[in-house]
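>>> Predicted structure and sequence below. I'll ask about it afterward.
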Amino acid sequence: MKDIFIGRLAQLETLEKRIRGLKDGYRQNIAILGDEMAGKTSIIFTLLNKLSDNYIIPVYIEVRPESLSSFGKRFVGVLLYNFLSNSAIDIEEDLDFLLAKSSSYIPKTTEKIRLVLEGLEKRRKENVFTELLSLGESIHQETGKFCVFIFDEFHNLESLGVKNIYAEWSKQLLMQKTVMYIIASSFKYKAEGILSKELSLLFGNFEVINIEPFDIKSSNAYLDLRFGGLSVDAGVKNFLIYFTGGLPFYLDIISEAVLRYSPERLIDILEDLLSNPAGILNQKFSNYLKSFQNDPCSLNILYLVSCGHNKIKDIAHLIRKPKKDALACINRLLSSSAINRNADFLKINDRIFSFWLRFVYNEKMRSFTFDDKSQRALFRKNIESIVFEFKQNSARPVNERVMELLRLFDDDLMQIERKKIRLSHFREIKPLELRSRSLRDGLICRSQDTLWIMAFKYDFLTEEDITDFSRECKKYKHKKQQKIIVVLKDQDPNSRLRAMEEKVLTWDINKVNQIMDLFSRQRVIV
């Protein structure tokens, strides 16, 4: 993405720290999980470009559905190539050359490799994967160097046809002390299942790094860098942040088109990308949906979720299927990462795909004509309406928009980070004027058995703000009290500790937007 790297420094620093720890005798394996196009591979490539330690041999493998023989040859080829690159030796991308050149430096390891390759030629599968992984320890014994094996989309290892592949790998993870593994997957639901079951170990466990789309601040910074000196209206940038959901891939594609044409042609650009039969994103999504062409139940659920019908309890009724069949279909979608689950809600994290499903794919399926001009005209009308609605909402006070959101709650469960929260159906929601010096705007919400008290902090949140708010809340004598401060800027680290002590939830704008998404409301961009 045009060599722009922002918003992921903390994750990159964690990876660098763990690699340094490997040399000091502390081995910690890492799993990088996140939706497709969220930037996982970008982080890995940035890490590889920064690595300059002659005692670290990175081995990056994009795992794809292929034969064990093909995978094995790629694995040893990358391993030997990076070993020799690490040693400042002139090299060629030829396996025979790499073996011959390496045999002078790591004879025992190259002999093992030759035996593995002979086994692959004879289509042997037993122990081959284990033997490949053992090459890292072998190199360390001969040279003192450490290998970092990086498996991108590691779940595809299952396609190699190796029986009990995770059981084999687990043994290596327990025994190897001088090899580190970094694994990545876009199939978060499936990957979490593998990590919690097949690769759950007493020693050698994977530290999980979750990669989310860019937050508002990072998205803004990214667009500022992309647009450079071009004058782009803040409203256009804010809409792009909302529309893309902060996915770097989409920010890159759309900002590139804006640079090529002009910000004033944003509607034309989106129409061309999403509605034009030759549009890049139209083709991408159309090809993706082919994997569901024999599964009408999944297609139906995807469309319903894109339209905001995303409560699990309602799905079976809406698709007119028994609950058991509906749940089986939902689980298939979860396993394929087409949707994610948030407690009682389903969600399509890819906001542009969700939009395309609703306004391009569905309109095409419903159309009585093959004339795409009428469909594109309808798409244009819909996107213009969404842009107009976004501008109107952006001008409204945040507390007013949150009040509207609270009115949609209907006793469903939602999860924010690791905490599940009951979204009570409120019988009364009204503005509350707080008496704190820096907290003025608030809301008070009453349900049958719960009282929510909310405050809005428009600038920096301090420890004193938490104390003042907690004192205000004590005026209301209610056993089940939920205290929440919506923070629109940033907060003092000490305020986080104080909030935990006072049992006050602090929701930044990203958390508020998570809830907005669940109820199909436009995000707040500040």
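It's in.

>>> Please count neighbours and contacts with C-alpha atoms only from this point.
Noted.

>>> Report how many residues lie close to residue 485.
Per other C-alpha atoms under 10 Å, the neighbour tally for residue 485 reads 22.

>>> State the helix or strand in which residue 174 lies.
Using DSSP states H and E, residue 174 sits in helix 165-175.

>>> what does residue 115 give?
helix 107-121.

>>> If you average the pLDDT over that helix, what comes out?
Here helix 107-121 scores 94 as its mean pLDDT.

>>> Any buried residues in that helix, and which?
107, 109-110, 112-113, 116-117, 119-120 (16 or more other C-alpha atoms under 10 Å).

>>> With stretch 441-456 instead?
Under 16+ other C-alpha under 10 Å, the buried positions of stretch 441-456 are 441-446, 450-456.

>>> Among these, which ones are in strands?
441-446, 451-456 (DSSP state E).

>>> Quickly note the distance from the spatially closest residue to residue 258 that is not a sequence neighbour to residue 233.
Of all residues not flanking residue 258 in the chain, residue 266 sits nearest, at 6.8 Å (C-alpha to C-alpha, 6 or more residues apart in numbering). Relative to residue 233, residue 266 is positioned 12 Å away (C-alpha to C-alpha, to the nearest Å).

>>> Go ahead and report the secondary structure state at residue 432.
strand (DSSP: H, G, I helix; E, B strand; the rest coil).

>>> Next, count neighbours for it.
15.

>>> in the sheet, who's paired with it?
In this entry, residue 432 is beta-bridged to residue 442, by DSSP bridges.

>>> got the contact list for residue 413?
343-345, 420-423 (C-alpha atoms under 8 Å, 6 or more residues apart in numbering).

>>> biggest separation within the buried residues of helix 107-121, which pair?
Spatial extent of those (C-alpha to C-alpha) is set by the pair 107 and 120 at 19.9 Å.

>>> Need the residue closest to the centroid of this structure.
In the chain, the centroid-proximal residue (C-alpha atoms, centre = their mean) is residue 34; its distance is 3.0 Å.

>>> Spatially nearest residue to that residue, not counting backbone neighbours?
Using C-alpha to C-alpha, 6+ apart, the closest residue to residue 34 is residue 211 (4.8 Å).

>>> How about residue 398?
residue 524 (7.4 Å).

>>> part of a helix, is that neighbour?
No - assignment of residue 524 by three-state DSSP gives coil, placing it outside any helix.

>>> From residue 152, how far out is residue 43?
11 Å.

>>> These two: who's more crowded?
Taking other C-alpha under 10 Å, residue 43 and residue 152 do not tie; residue 152 has more neighbours (23 against 20).

>>> Contacts only, for the more buried one.
Listed by C-alpha under 8 Å, 6+ apart, the contact set of residue 152 reads 41, 60-63, 183-185.

>>> now those residues: which count as buried?
Buried members of the contacts of residue 152, scored by 16+ other C-alpha under 10 Å, are 41, 60-61, 63, 183-185.

>>> These in strands, which ones?
60-61, 183-185.

>>> before we move on, back to that, not counting its own residues, what contacts the helix holding residue 115?
By C-alpha under 8 Å, 6+ apart, helix 107-121 touches 68-69, 72-73, 76, 99, 102-103, 125, 128, 131-132, 135, 138-139, 142.

>>> and with 6 Å instead?
69, 103, 138 (C-alpha atoms under 6 Å, 6 or more residues apart in numbering).

>>> residues near the second one, how many?
Close neighbours of residue 103, defined as other C-alpha under 10 Å, add up to 13.

>>> measure stretch 58-71 end to end?
17 Å.

>>> whoops, I mixed them up, stretch 513-526
First residue to last in stretch 513-526 (C-alpha to C-alpha) measures 11 Å.

>>> how far out from the middle of the chain is that stretch?
17 Å (C-alpha atoms, centre = their mean, to the nearest Å).

>>> got it, and stretch 34-52?
13 Å.

>>> for that stretch, which positions count as buried?
Residues of stretch 34-52 classed as buried: 34-44, 47 (neighbour count, 16+ other C-alpha under 10 Å).

>>> possible to save the contacts of residue 413 as CSV with distance to residue 19, secondary structure and pLDDT?
Formatted as CSV, the contacts of residue 413 follow (distance: C-alpha to C-alpha, whole Å; DSSP: H, G, I helix; E, B strand; the rest coil; pLDDT from 0 to 100):
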residue, distance to residue 19, secondary structure, pLDDT
343, 35, coil, 93
344, 39, coil, 94
345, 38, strand, 96
420, 34, strand, 92
421, 37, strand, 93
422, 41, strand, 94
423, 42, strand, 95
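
>>> Could you export those residues as CSV, including distance to residue 312 and neighbour count?
Converted to CSV, the contacts of residue 413 look like this (distance: C-alpha to C-alpha, whole Å; neighbours: other C-alpha atoms under 10 Å):
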residue, distance to residue 312, neighbour count
343, 9, 16
344, 6, 16
345, 6, 20
420, 16, 12
421, 16, 14
422, 15, 15
423, 15, 16
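
>>> so which of those comes closest to residue 374?
The nearest one, if we look at these relative to residue 374 and count by C-alpha to C-alpha, is residue 345, at 34.1 Å.

>>> partners of the closest one in the sheet?
Beta-bridge partners, per DSSP bridges, of residue 345: residue 311, residue 342.

>>> Other residues contacting stretch 301-315?
344-346, 354, 520.

>>> Give me the average confidence score over that stretch.
Per-residue scores along stretch 301-315 average to 94.

>>> Pull out the buried residues from that stretch.
Those would be 301-306, 308-312, 315, for stretch 301-315 by 16+ other C-alpha under 10 Å.

>>> Which of those sits closest to residue 261?
residue 306 (29.7 Å).

>>> what about the closest one, distance to residue 163?
For residue 306, the distance to residue 163 (C-alpha to C-alpha) stands at 38 Å.

>>> One more: residue 520?
Counting by C-alpha to C-alpha, the gap from residue 520 to residue 163 is 44 Å.

>>> For those two, indicate the residue with more neighbours.
residue 520 (18 against 12).

>>> That one belongs to a strand?
No - assignment of residue 520 by three-state DSSP gives coil, placing it outside any strand.

>>> who's in contact with it?
By C-alpha under 6 Å, 6+ apart, the residues touching residue 520 are residue 308.

>>> Distance of it relative to residue 362?
Using C-alpha to C-alpha, which is the criterion applied here, residue 520 is 18 Å from residue 362.

>>> Over to residue 111?
Counting by C-alpha to C-alpha - residue 111 and residue 362 are separated by 58 Å.

>>> returning to that earlier point: and the residue nearest to the centre of the chain, what are its phi and psi?
phi 180, psi 160 (degrees, to the nearest 10).

>>> again with residue 210
Backbone torsions for residue 210, taken as degrees, to the nearest 10, come to phi -90, psi 130.

>>> Just give the nearest non-adjacent residue to it, would you?
residue 33 (5.0 Å).

>>> Name the residues that touch the helix or strand hosting the one you found?
Here residue 33 sits within strand 29-34, counting by DSSP H and E. Applying C-alpha under 6 Å, 6+ apart, the contact partners of strand 29-34 are 180-186, 188, 206-211.

>>> Give the PyMOL command for selecting the buried subset of those residues.
Applying 16+ other C-alpha under 10 Å to the contacts of strand 29-34 leaves a buried subset, and the PyMOL line that selects it is:
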select buried, resi 180+181+182+183+184+185+186+188+206+208+209+211
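
>>> can you list the contacts of strand 29-34 in JSON lines and add pLDDT?
Output for these, formatted as JSON lines (pLDDT from 0 to 100):
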{"residue": "180", "pLDDT": "96"}
{"residue": "181", "pLDDT": "96"}
{"residue": "182", "pLDDT": "97"}
{"residue": "183", "pLDDT": "97"}
{"residue": "184", "pLDDT": "97"}
{"residue": "185", "pLDDT": "96"}
{"residue": "186", "pLDDT": "95"}
{"residue": "188", "pLDDT": "91"}
{"residue": "206", "pLDDT": "92"}
{"residue": "207", "pLDDT": "94"}
{"residue": "208", "pLDDT": "94"}
{"residue": "209", "pLDDT": "96"}
{"residue": "210", "pLDDT": "94"}
{"residue": "211", "pLDDT": "94"}
